[in-house]
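K.L.:
coordinates for the following, if possible.
(one chain, ligands or ions: 1)
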Amino acid sequence: MISTSVAKEIRSIVGEERFLTDPADLSTYAFDGYCMEFTPDAVVLPENTSEVSSILQIANREKINIVPRGAGTNLSGTSVARRGGLIMPLTRMDQILEIDRANRCAIVQPGVVNAELQKALEPFGLMYGPDPSSWYVSTIGGNISLNAAGPRALKYGSAREHLLGLEVVRANGEIMRIGSKTSKNAAGYDLPHLFCGAEGTLGIITEVTIRTIPLPEAKCTLQAVFATLDDACMTVSKIMDSGIVPSAMDLLDQILIDLIQGYGGVQFPQGASAFLLIEVDGHPFAIEDEAKKIKKICSANNAIDILVAQTPEENEVVWRARRSIGGVFSKVCKTMINEDATVPVANLSAIMKIVLKLRDKYKLKIGIMAHAGDGNLHPAIMTDAQNQEEMQRVDNFAKELYEETLKLGGSLSGEHGIGLAKKKFVPLQFCDAALKMMREIKGLLDPNNILNPGSYIDE
Ligand SMILES: Cc1cc2nc3c(=O)[nH]c(=O)nc-3n(C[C@H](O)[C@H](O)[C@H](O)COP(=O)(O)OP(=O)(O)OC[C@H]3O[C@@H](n4cnc5c(N)ncnc54)[C@H](O)[C@@H]3O)c2cc1C
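P.N.:
I've put the predicted structure just below:
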């Protein structure tokens, strides 16, 4: 609980209207994109770094938990107050401070929404690589803290590959500036990247310097439909083996195809069991050649239908199917749990088979979406969080899935992070020495464990 005198002190920093304690307000911040609910004691909405620093000084002194938050869209339960305390949304710090075309970078506040940044960069002929499907709402602070990615990561990398520098407020309120605008930087420990994927446990990000990329001159998307999942996986391996680096290669299985059939005019041919969306971008001559080669590989691997979109309008139509997925789950289930198992791409077919086997074993309704070229699988479990017996089967499914993923040389997460959802699996991936070192880093930066406590590195 936050005492009256501490609440008064925080109110004196942010004002009455930016310190929320009304139960209706608190319930808004009790959820994120995962299925668990934790009501915070209060919500504080800072508008600048100095306010963040002053609040942290108080929180550290009083040992009050603080959970930094962006748009709350994470799918792993990592922006809720698991152990009570304050939720601190950074959404009011939403200014794009600089777009530096000459140096191909930009400086933004953490609350800038990904899609807003993309829109602002476009007139400069630039883009920001990470394109999570949540880009219309998720923030750059959240993207960095979870090392978020999207379909384009296959060619351009995740948030980590686009991070140049940060301003961070440490748990004790100290303001620290790390990194630089330069694309090369060999000076000292790589501190900015320590905060990437840290899920708000090491400091609060108040400014981000990101690398930007020139907008590709042209794009071409191929939509290939297969009669078996195995043919689609084999096609992915062959394309990756061909030396072509697509800018995206996403896969949907039959359950998802059936769900989105007819949605927004999307139509798949009869007998479609798997669907690959493959995008190449770059110089028009180069992509024409790459598209031809990819089409040939798809045909050779038994594609039953291939559509090549050449104009931006045609591109939009083929991506509609992929983007419509998020919207369809709410029609068919109460809760959707999106797993994030990631394997080396050559093991894609092997992990798919395991998912199908486990899906039958645990009698769950699961559709599979994959950023296939990255070996990043999102089995979407359509369930009901209120049904304890079913949730037990979901848990058992996840445990076996991640055990098998790690046996195949993979990772617990490709882009969604660990959060509450996968905390119990952490010892499966990290050896004791690595876990100890992570805990030592956390202890050094946040000795009172006030930043997002109960996270994946807490025992
Ligand atoms: C429909 C849907 C589709 C999605 N698709 C993708 C996808 O394609 N790829 C992908 O990677 N993810 C995806 N996600 C997950 C999620 O959107 C991303 O992880 C996103 O990066 C979270 O951003 P956010 O602003 O919502 O952050 P939040 O969820 O609010 O926070 C995420 C984490 O970051 C920390 N944090 C937030 N801001 C700060 C800060 N300023 N300083 C320190 N810590 C901070 C929080 O404490 C928390 O641990 C999807 C989610 C949904 C709902």
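K.L.:
hey, let's count contacts and neighbours off CA atoms from now on
P.N.:
Noted.
K.L.:
just how off-centre is the least confident helix or strand in the chain by mean pLDDT within its chain?
P.N.:
Ranking every helix and strand in the chain by mean pLDDT, DSSP states H and E puts helix 312-323 at the bottom, with a mean of 77. Once both centres are worked out by Cα atoms, centre = their mean, to the nearest Å, helix 312-323 turns out to sit 21 Å from its chain's centre.
K.L.:
now do stretch 19-31
P.N.:
What separates the centre of stretch 19-31 from the centre of its chain is 24 Å, taken as Cα atoms, centre = their mean.
K.L.:
for it, measure first residue to last.
P.N.:
In stretch 19-31, first residue to last residue: 18 Å (Cα to Cα, to the nearest Å).
K.L.:
list the buried residues of it.
P.N.:
In terms of neighbour count (16 or more other Cα atoms under 10 Å), stretch 19-31 has its buried residues at 19, 20, 21, 26, 29, 30, 31.
K.L.:
might one say that the third one is in contact with residue 43?
P.N.:
Yes - using Cα atoms under 8 Å as the test, residue 21 is close enough to residue 43 to be in contact (6.7 Å).
K.L.:
near the ligand, which residues of this structure?
P.N.:
Counting by Cα under 6 Å from any ligand atom, the chain comes close to the ligand at 33, 67-75, 78-79, 90, 110, 132-134, 138-139, 141-143, 145-146, 148-150, 199-200, 203-206, 326, 415-416.
K.L.:
pull out the buried residues from these.
P.N.:
Among those, the ones that count as buried by 16+ other Cα under 10 Å are 33, 67-75, 78-79, 90, 110, 132, 134, 138-139, 141-143, 145-146, 148-150, 199-200, 203-206, 415-416.
K.L.:
give me the subset of the residues you listed lying in helices.
P.N.:
Per DSSP state H, helices hold the following members of those: 141, 142, 143, 145.
K.L.:
need the longest helix for this protein.
P.N.:
From DSSP H, the single longest helix across the chain is helix 388-407.
K.L.:
one step back: helices or strands up against the least confident helix or strand of the chain?
P.N.:
Of the remaining helices and strands, those touching helix 312-323 by 3 or more Cα pairs under 8 Å, 6 or more residues apart in numbering; DSSP states H and E are strand 218-226.
K.L.:
and the angle from the strand it packs on to helix 312-323?
P.N.:
Angle, strand 218-226 to helix 312-323, by axes from the mean of the first three to the mean of the last three Cα atoms, to 10 degrees: 50 degrees.
K.L.:
against which helices or strands is strand 218-226 packed?
P.N.:
Helices and strands touching strand 218-226, by 3+ Cα pairs under 8 Å, 6+ apart, are strand 274-282, helix 284-300, strand 303-309, helix 312-323.
K.L.:
residue 43 is in contact with residue 81, correct?
P.N.:
No - look at residue 81 against residue 43 with Cα under 8 Å: they stay out of range, at 10.2 Å.
K.L.:
if you count surrounding residues, which of these two has more?
P.N.:
Higher neighbour count among residue 81 and residue 43: residue 81, with 27 against 22, using other Cα atoms under 10 Å.
K.L.:
for that one, give me the pLDDT.
P.N.:
As predicted, residue 81 sits at a pLDDT of 96.
K.L.:
cool, and residue 441?
P.N.:
So, for residue 441, pLDDT stands at 97.
K.L.:
CA atoms of the helix or strand hosting it as CSV?
P.N.:
Assigned by DSSP states H and E, residue 441 falls within helix 432-445. Output in CSV follows, covering the C-alpha atoms of helix 432-445 (Å, rounded to 0.1, in the frame of the first residue of the first chain):
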residue,chain,number,x,y,z
ASP,A,432,22.8,-21.8,-13.1
ALA,A,433,25.8,-19.6,-13.8
ALA,A,434,23.9,-17.5,-16.4
LEU,A,435,20.9,-17.1,-14.1
LYS,A,436,23.1,-16.1,-11.2
MET,A,437,24.8,-13.5,-13.4
MET,A,438,21.5,-12.0,-14.5
ARG,A,439,20.4,-11.9,-10.8
GLU,A,440,23.6,-10.2,-9.9
ILE,A,441,23.1,-7.5,-12.6
LYS,A,442,19.5,-7.0,-11.4
GLY,A,443,20.8,-6.7,-7.8
LEU,A,444,23.4,-4.2,-8.7
LEU,A,445,21.1,-1.9,-10.8
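K.L.:
and for it, what's in contact with it?
P.N.:
Here helix 432-445 makes contact (Cα atoms under 8 Å, 6 or more residues apart in numbering) with 170, 171, 201, 202, 203, 427, 449, 457, 458.
K.L.:
turn the residues you listed into a markdown table, including pLDDT and distance to residue 257.
P.N.:
Converted to a markdown table, those look like this (pLDDT from 0 to 100; distance: Cα to Cα, whole Å):
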| residue | pLDDT | distance to residue 257 |
| --- | --- | --- |
| 170 | 98 | 46 |
| 171 | 98 | 46 |
| 201 | 98 | 38 |
| 202 | 98 | 41 |
| 203 | 98 | 41 |
| 427 | 95 | 35 |
| 449 | 97 | 45 |
| 457 | 85 | 38 |
| 458 | 85 | 40 |
